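[1] Okay, sequence plus prediction incoming.
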Amino acid sequence: MGGGDLSSDPVASVLGKIFQITTFGESHGGGVGVVVDGCPPRLPISIEEIQRDLDRRRPGQSHLTTPRQESDKVEILSGLFEGYTIGSPIALLIRNRDARPEAYESMKDVYRPSHADFTTDAKYGIRNWQGGGRASARETVGRVAAGAIARKLLAFAAGIEVLAWVRRVHEVEAKVDPVAVCLEAIEANPVRCPEPSAAAEMAERIDAARRRGDSLGGVVECVARGVPAGLGEPIFDKLEADLARALMSLPASKGFEIGSGFEGTRMTGIEHNDPFITGDDGRTRTASNRSGGIQGGISNGEAIVLRTAFKPTATIAQAQQTVNQRGEPTVLEAQGRHDPCVLPRAVPIVEAMVCLVLADHWLRQRSVDSLPPLP
């Protein structure tokens with residue numbers, strides 16, 4: 001451990017089996033990006049559609065986010081021709097324009113509390129100390145770019161819509177109906193909470209934390225509507241398991257739940273079970289949705305509703321006790337540009353990860369659907 005072994009995991013930056021992505025780049029390097037493989041040909045996609053999601057993720061959007069100024073303009077290097085995918089790998093590059101690695105010079109030998117500094121050193125024996133390198137949330141730019149393509153595939157081919165919003169910041173929680181929530185309400189304020197009164201209080205708390213050099217965490221909720229029954233695998237690749245893996249791979253994520261989640265443990269079986277009924281359209285559905293749209297690891301045709309918990313931003317502008325690489329005690333006074341709360345910018349990232357998993361499973365299910373029915 002820590003330098004004797006020159007091997008590395010070749011799939012550590014890869015997600016998906018058919019709709020597969022590989023992200024690359026570091027926080028203060030030349031740029032970040034993604035290669036998307038397995039996207040079907042003839043999918044209409046424009047650079048504007050990809051840019052729209054990147055604009056929702058980019059820094060510097062308001063006083064509630066990091067002041068780092070990145071336009072995050074995407075460059076399409078391959079895989080598209082005359083507005084359509086052509087079946088070959090799609091390479092997307094977003095250059096870093098406002099990188100300031102010198103801001104981390106004083107911290108290069110110091111382990112920042114609750115960051116990946118120590119653990120990266122323990123694993124590799126080397127680390128990029130300029131903003132955390134690959135461990136930085138800037139790596140998620142590639143995920144969002146790829147997620148925009150997955151979003152278009154889901155909408156174009158299957159009529160699936162994915163929306164996320166901020167449900168809770170610290171102790172302020174919004175009650176939102178996942179069936180009725182819309183993008184316009186989510187984007188109506190910088191917190192991305194569709195409940196105006198809760199959004200205002202959340203904004204006040206985030207700004208107060210920023211002014212005192214502290215940070216806040218919270219919960220992002222997400223709904224996928226229009227998902228057909230049958231997506232997912234029954235054992236290790238259960239749909240909720242792959243969603244959990246994807247969302248727990250995000251920086252600062254600390255929890256995942258779907259449907260009733262942990263609150264379901266407070267119910268009895270008769271209270272929690274979702275009764276089957278025949279809908280007005282003649283299809284089988286459930287009268288309630290405590291399962292969160294997935295049963296036995298496979299989608300049941302109801303809306304998929306999930307939540308991801310994010311910790312308070314690890315970098316804060318207050319003195320903290322830590323040690324350096326030699327194990328000597330020291331006091332860290334962090335510098336750099338960081339979000340006082342990651343939740344508002346995490347919304348499009350959560351959407352992207354859900355889109356990527358659903359696109360992969362939708363393509364996997366097509367191979368099953370293509371077989372003739374049993375006699």
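    Ah, there it is.
[2] residue contacts, the residue found closest to residue 88 once you drop the neighbours it is linked to in the chain?
    Nearest non-adjacent residue to residue 88, counting by C-beta to C-beta, 6 or more residues apart in numbering: residue 79, 5.2 Å away. Every residue, glycine included, has its C-beta placed from N, CA and C. Shown in contact with residue 79 (C-beta atoms under 8 Å, 6 or more residues apart in numbering): 36, 39, 85, 86, 88, 89, 90, 91.
[3] Check residue 253 too.
    247, 308, 309, 310, 311.
[4] The lengthiest helix in the chain: how far from the chain's middle?
    In the chain, taking DSSP state H as the definition, the longest helix is helix 343-369. The chain centre lies 10 Å from the centre of helix 343-369; the measure is C-alpha atoms, centre = their mean, to the nearest Å.
[5] for stretch 70-86, same thing?
    21 Å.
[6] now swap in stretch 184-192 and tell me
    18 Å.
[7] Endpoints of that stretch, how far apart?
    10 Å (C-alpha to C-alpha, to the nearest Å).
[8] do the same with stretch 63-82
    39 Å.
[9] Mind jotting down where the helices sit in the stretch 251-375 of the chain?
    In the stretch 251-375 of the chain, the helices defined using DSSP state H, counting those that start in this stretch lie at 269-272, 343-369.
[10] Report the buried residues of stretch 240-251.
    240, 241, 242, 243, 244, 246, 247, 250, 251 (16 or more other C-beta atoms under 10 Å).
[11] So residue 173 is in contact with residue 198, correct?
    Yes - under the criterion of C-beta atoms under 8 Å, residue 173 makes contact with residue 198 at 7.0 Å.
[12] Compare these two and say which is more crowded by neighbours.
    Set residue 173 next to residue 198 and count neighbours by other C-beta atoms under 10 Å: residue 198 wins out with 21 against 17.
[13] Can you classify that one as helix, strand or coil?
    helix (DSSP: H, G, I helix; E, B strand; the rest coil).
[14] follow-up on the earlier one: buried subset of the contacts of residue 79?
    The buried subset of these (16+ other C-beta under 10 Å) comprises 36, 39, 85, 90, 91.
[15] will you turn the helices of the stretch 251-375 of the chain into CSV that also has mean neighbour count?
    Below are those laid out as CSV (neighbours: other C-beta atoms under 10 Å):
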stretch, mean neighbour count
helix 269-272, 10
helix 343-369, 24
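[16] just so I know, which of those helices lies nearest residue 153?
    Smallest distance to residue 153 across the helices of the stretch 251-375 of the chain (C-beta to C-beta): 5.2 Å, for helix 343-369.
[17] count of residues packed around residue 277?
    12.
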